[in-house]
Structures are given as C-alpha cells and as structure tokens.
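>>> Any chance you could fold what I've pasted below:
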Amino acid sequence: MILGIIQARMGSTRFPGKTLAEISGKPMLWHVVRLARAARTVNEVVVATTCVASDDPIASFCLREGIACFRGSEHDVLDRFYQASKEKKADVIVRVTADCPLIDSEVIDRVVTRFQEGGSDYASNTLRYTYPDGLDTEVFSFVALERAWSESVKLSEREHVTPYLLGGKFRTVNVESEFPVPLGTHRWTVDYPSDLEFVRKIYAEFSGNGGFGYRDVLDLLNTRPDLAAIPAVVSNEGYYSSLYRQAAVGPAARRSTTQSQAWLARSRKVIPGCAQTFSKSNNQYVQGVAPVFLQRGKGCRVWDVDGNEYIDYVQGLLPNILGYANEEVNRTVSAQLAEGHSFSLPHPLEVELAERLTRLIPCAEMVRFGKNGSDATSGAVRAARAFTGRERIACSGYHGWQDWYIGSTTRYAGVPNAVRALTRPFPYNDLPALEKLLQEHSGEFAAVIMEPVNFVEPAPGYLQAVKEMTHRHGALLIFDEICSGFHFGLGGAQKRYGVIPDLACFGKAMGNGFPIACVLGRADVMKVFEEIFFSFTFAGEVSSMAAAMKVLDILEGTDALARMEANGRVLQDGFNTLAKLAGLAGRLTCEGHPSWSLIRFHDTEGKDSLLLRSLVSQELIKRGILTLVTHNMTAAHDHLAVQQTLEAYAATMKTVAAWLEDPHPERFLEGEMIQPVFRVR
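As a prediction, the model looks like this:
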C-alpha cells in the first residue's frame, strides 16, 4: 500500500495561512491533493496536520472535500507521519508538502518507480536538485520510517521527517530530471506572498486548468522569463532552525593532542616552520587545541596521530576532489607503479592525457606538464615573456611561491628588487584599475595573469572586458585555474563564463592528491615551450598522470561534481542561516561557489577578525571539524558529513555568540591565536 502524505499547517512563520490561500478559485491545498491523487503509483492520499486549534481550518476543509486527514503532534512531525502511516497500514510513504502547488504527478511516479526498482530504503529528487525547487518528492518504506521513529532522539530529527533517514544508516537514491535546470534558478515553492502571486500567474497562463506539468511550466518560462522573477530564499530553513534550537551552549571538551605535540617538538629540531606549506603550519590553528600531525585519511575524514577523527574541509589545500584514498584512483596508480612510473623517455600516457585535456578545456590546443601550481604559473609567465618580448606582469589572485609573483606580496623576503618591480597586482572586478596599470607602462606588459573567479563572481562582462583590454595592450591573458579548474566544471571557469584565455594553468584537483599540474593554451604560444627552459625530472612521471586519467573518468562519468555542488550549497546555506539565528549575520558569512566557498570573519566594524576566526576554529576542532577558512568540497562529503558539520556549526555559533557578549571574549581562547600568512584574495 503506497500512501501519499501531504504535510500541511497554517502557522508558517514566513507566510501564515498560505496552505489555504486561493489559486484559481481553489485553496492551494486542494491543488496539491488533486495532483498527488493523480499519481498512478499512489493508492491513497492523506493530509497530515497538527492538533492545535490554528490548524482546525485544514481539518474542516478536508472534511468538506472528502479528503482523509490525520491530526498529530505539532512539533514531533516524525511521529505525526509514523502514526498516520500506521493507521493507514502503509507499506511505502510518499511525502510532499502543501506549499508545492506545482508538484507534478509524473514526477511523483518517477520517484516511486525508482524506489520500487529496489536497492534503496529512501528515494527522492532532492538529494541533488535537477528539478525546480517545489517538485520535492520523497519516498521511503514504512520499515525505515518505523526505525527512524524509534531511534531518533534529536530535536532536528523529530521536527523533520527525513533527516534521520539521510544520516548514513539507510540506502538512498536520487532521481534526476530528464530536463535538468541549473541549481537555484527555479524555485516554485510558496514561502512568501510574492511566491503565491507567481503561482497564480502560472495557473492563469493555463486558464486555471490543472492539466499541465512542470515541463509545460518550463516551456512557458522560457518564452516568458518575466514571470520567473522570484527572489531566492534558503531551502530547509526550518531544519537549520531546529539544529540551532537543539544546540547546547558552552565549550566542547578538548581532545588529546599528546602525540601531535610530541611530533611537533621533534619537528622543530629538523624542519624550519615545522611544515612544508605555510597553510599547513600549526599557527594556522589555535595552538595546543588543534592537531598538528595527521596519520591517515579516507573519503572526507582524517585521523590525527592521537587517533582523533575529523571531517576535513581542507582536503590537502583543495586537491582531493574525490576525497582521501579513493579506491579507483589508488588501484589505477598501483597498477602503473607495478610497471614503472619515472621513465627515461616519454610515456604514451603523456599524449593521452594531453589529448584529453585539449578536448575538455576550451583554450587548450597543446599541453605541458609540471608537478604543482607554481610550476604551471611560472611556466606560463615565462612563455608569455618569450612570446611577447616583454617583461612586466599584471596579476590578480594567488599564483604560487616563485620570485616573479611572491615578490609582489608581503612575503617578498629574498626576492631581488629588480624582480619585484616587474610584477604589479590589480584588484579583481576593477577594470579602471587594470587599465591604469597597463597604461602606466604602455607596451611593456607581457601578460595579465588572474584567477578568473575565486569567492566573488565576476561582474557581468568583466572577464571579456579584461581579455579585450589585455589584447589591446599587446599582452597575453593567462587564467590561473589551479583552484577553479575542475571544481567549477570539467572545462574550468573559462567554460563556465565563456571567456577563452590565451594560456591557462590547471593542477590541484587534477590528480586527487597526486602531484600534477599543467600549462595549456593556444598552439602558437605553446610552441614557445620548445625554446624556453621548462623542464623537470618528474614532469613526465606517469603514476600521477594515470591518477589524472582516472579522476577525469570519474568526473566525466558520474555525478561527482553535481553532488559536490549540491552538498556544498546545503553547507553554505546552513552556515549563513545559523549565523543569522545566532545574531552573527554581519560577522560570519560564507560566500562563493558551493564547491569552494569562503568563510569570512568580521569584527563589529566589518574588518577581518582573527579573534573570531580563532574562537570558531577552536570550537569546531573540538567538535571534530577540520577547516581553515574554506569549504573545499569533495565527492566524498556525503549527507551524514554535512549534517554532522551543521550540528557542529550550530553549537559553535551559539557558544561564540554568547562569548562575544563578554567584554573580553579573548579570555575564552584556549591557546595562541591564529596568525595570518598573507591575504591576496
């Protein structure tokens, strides 16, 4: 018996009474019931509302219309669903909500059919949005619901029906749309009066006739984009509110770092700075609280030398796009290692990988390989200088450790002044600043090198204008896609924004942690590499190339990138909602692309706050979350990891918000404050 349950109430915080609001002469709930009943896979439909008096109108409406109605707990929505399902002797439950009057019966049938095919306890079209928001359908077995009902103890799991089902204990599957829409571009659920007006217009376009589906609406909006001007809101805000209410205030217990401290003492004697990378140094965390040495990693989790487990959002500074120790990648590398990996002559893999990159990346006509991002950016700059016969470089973003770039930062010690003078930075999204810089030394700039995007979207037309300006001044445009490459799609930011540079640099995610990078671009420019010295003993090391081929197999052949973006969006939205609930909306913000987003920490004047960053980092570490200032999402960050992270965020923000009311919040630090490396973004 497949039971459709429509979750309904009158007491919406954002839009009270919306459930019975009129659309084409009928209450919204009437339309949702009609559409749910139209699903051929659903045997019966029941409206599940609460026992409170404010929901009496829903019960009265159902009685008048002959619609089955179950009334249960106001706050324990999981119990309400369980009792309704038990009363109706349901085997399978289909959950939809009363604020989705554009729900499509064919979509419901698709999700139910996918569930019936077996292999899952839960099926939905919401684990990754390829349908418009407002067609949300969840299907799960009564057995799974009963287990969730009996085992769930958290407020967030009782106030919402399905979080426990997504916590890693059940088999889940997502249903993809045959006509996918970009994430966040279509929101058809009714949260505000403006949403209701949108839905009314859609119904009016079809003359109030309910015989239309979501594809008809998409076709309509393609011809009438003026109808789709709906303000964006955060999905699942109620769930984030539950997480915040259930969070306890107060510092978490410290974890043992005995072994980390012992290794740190040994390291100080033999390694300057105690780490090979500034961003991995112990001064980037609250010292004495955070781990210093990690022992192993798997997926999105790591374990330190003391055995503590963490959900890792650093991921080796971004390269592990599939997570630690991906089995497919490791098997591929192991097979290559068995045949050798650093040869005396080129290996066919070099050609195969280069051919593949020229197919995937718009600007790529030829490719040269290196081992890290600094290799690639420095090679691109050297090639640009050789090609143009000029020396000056304009840069925007971070481009590695070599003299030509690092001399333009505060970390310029050891770089000759003559070298420093040749590279000048310019601010992102500021065309006049770049024009002024290029004019100051007209005819002397070899290249403009920039991150095409980091945590701020390019202004409309900005990248194209940069390209035109660069070429007008006789320079080459280089996109540094070491970070954006692959995280923003297989073709990188250049494909996403439709602006093709002369050269580009890719690396990091390319090998899922195995060291590989590349310079690629126009063939006439790349031919310069036959003359300039860009040569490494290990540039042709093929184990990393084998890893890169397998990474590209997975990114091309699975929904890994889409899952990263979807889970990153939940994390980003959850972070910002929780910050707002804690009264920290102006002080804690998460911005940027969901797959690679940035957390900003501000003081009361809007300036960067290392104290706030340190307090947040301290409490997250103690709650098992390892992060710097970014969400470096991987395909291994699953729903359970995101749920656990949001719970840690809720408790941390609630605690830190209370500390900031103290005249001296620094007294809550349990170790030395985080120290900056430098800021370039």
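>>> From the rest of the structure, what touches stretch 524-539?
Outside of stretch 524-539, the residues within contact range by C-beta atoms under 8 Å, 6 or more residues apart in numbering are 342, 365-371, 375, 379, 382-384, 386-387, 476, 502-503, 515, 519-520. Heads up, the C-betas are built off the backbone N, CA and C, glycines and all.
>>> at 7 Å instead, please
In this structure, residues lying in contact with stretch 524-539 by C-beta atoms under 7 Å, 6 or more residues apart in numbering are 342, 365-366, 368-371, 375, 379, 382-383, 386-387, 476, 502-503.
>>> just stretch 359-369 next, same as before
350, 354, 357-358, 379, 490-492, 494-495, 500-501, 504, 516, 518-523, 526, 529, 534, 539-540.
>>> What mean pLDDT does it get?
Summarised as a single mean, pLDDT over stretch 359-369 is 98.
>>> and what of stretch 337-348?
Computed over stretch 337-348, the average pLDDT equals 95.
>>> which of the residues in it are buried?
Judged by neighbour count (16 or more other C-beta atoms under 10 Å), stretch 337-348 contains these buried residues: 341, 347.
>>> picking up where we left off before, need the buried ones from the contacts of stretch 359-369 selected in ChimeraX.
If you want just the buried ones from these in ChimeraX, going by 16+ other C-beta under 10 Å, the selection is:
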select :350,354,357,358,379,491,492,494,495,500,501,504,516,518,519,520,521,522,526,529,534,539,540
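>>> Show me the contacts of stretch 359-369 that map onto strands.
Applying DSSP state E to the contacts of stretch 359-369, the entries found in strands are 504, 518-521.
>>> okay, the residues you listed in JSON lines with distance to Val181 and pLDDT next?
As requested, the ones in strands among the contacts of stretch 359-369 are exported to JSON lines (distance: C-beta to C-beta, whole Å; pLDDT from 0 to 100):
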{"residue": "Ala504", "distance to Val181": "29", "pLDDT": "98"}
{"residue": "Cys518", "distance to Val181": "33", "pLDDT": "98"}
{"residue": "Val519", "distance to Val181": "35", "pLDDT": "98"}
{"residue": "Leu520", "distance to Val181": "31", "pLDDT": "98"}
{"residue": "Gly521", "distance to Val181": "33", "pLDDT": "98"}
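>>> farthest-separated two in the residues you listed?
Greatest spatial distance among the ones in strands among the contacts of stretch 359-369 (C-beta to C-beta): Cys518 and Gly521, at 10.1 Å.
>>> Can you give me the pLDDT of the residue most central in space within the chain?
Residue closest to the average C-alpha location in the chain (C-alpha atoms, centre = their mean): Gly568, at 2.3 Å. Listed pLDDT for Gly568 reads 95.
>>> show me the contacts for it.
Contact analysis of Gly568 by C-beta under 7 Å, 6+ apart lists 594-595, 597, 631, 633.
>>> got a winner among the residues you listed for most neighbours?
Met633 (30 neighbours; other C-beta atoms under 10 Å).
>>> Is it correct that it is in contact with Gly592?
No. Using C-beta atoms under 7 Å, Met633 makes no contact with Gly592, being 10.9 Å away.
>>> roughly how far apart are the closest residue to Pro452 other than its chain neighbours and Phe506?
In this structure, Pro452 finds its nearest non-sequential neighbour in Ala493, 4.1 Å apart by C-beta to C-beta, 6 or more residues apart in numbering. For Ala493, the distance to Phe506 equals 11 Å [C-beta to C-beta, to the nearest Å].
>>> tell me, what's touching the two both at once?
Residues within reach of Ala493 and of Phe506 at once, by C-beta under 7 Å, 6+ apart, are Glu481.
>>> Quick check on the contacts of stretch 524-539: which are buried?
Buried among these (16+ other C-beta under 10 Å): 366, 368-371, 375, 379, 382-383, 387, 476, 502-503.
>>> Low-confidence regions, the protein specifically.
Along the chain, segments meeting pLDDT under 70 span 184, 208-210, 229-233, 678-681.
>>> burial of the closest residue to Phe212 other than its chain neighbours, as a residue count?
In space, and not counting its chain neighbours, Phe212 is closest to Phe206: 4.7 Å by C-beta to C-beta, 6+ apart. When neighbours are counted by other C-beta under 10 Å, Phe206 registers 14.
>>> again with Glu309
Using other C-beta under 10 Å, Glu309 has 13 neighbouring residues.
>>> On the C-terminal side of the helix or strand where Ile449 lies, identify the next helix or strand.
Secondary structure from DSSP states H and E places Ile449 in strand 445-450. The helix or strand immediately downstream of strand 445-450 is helix 462-472, counting by DSSP H and E.
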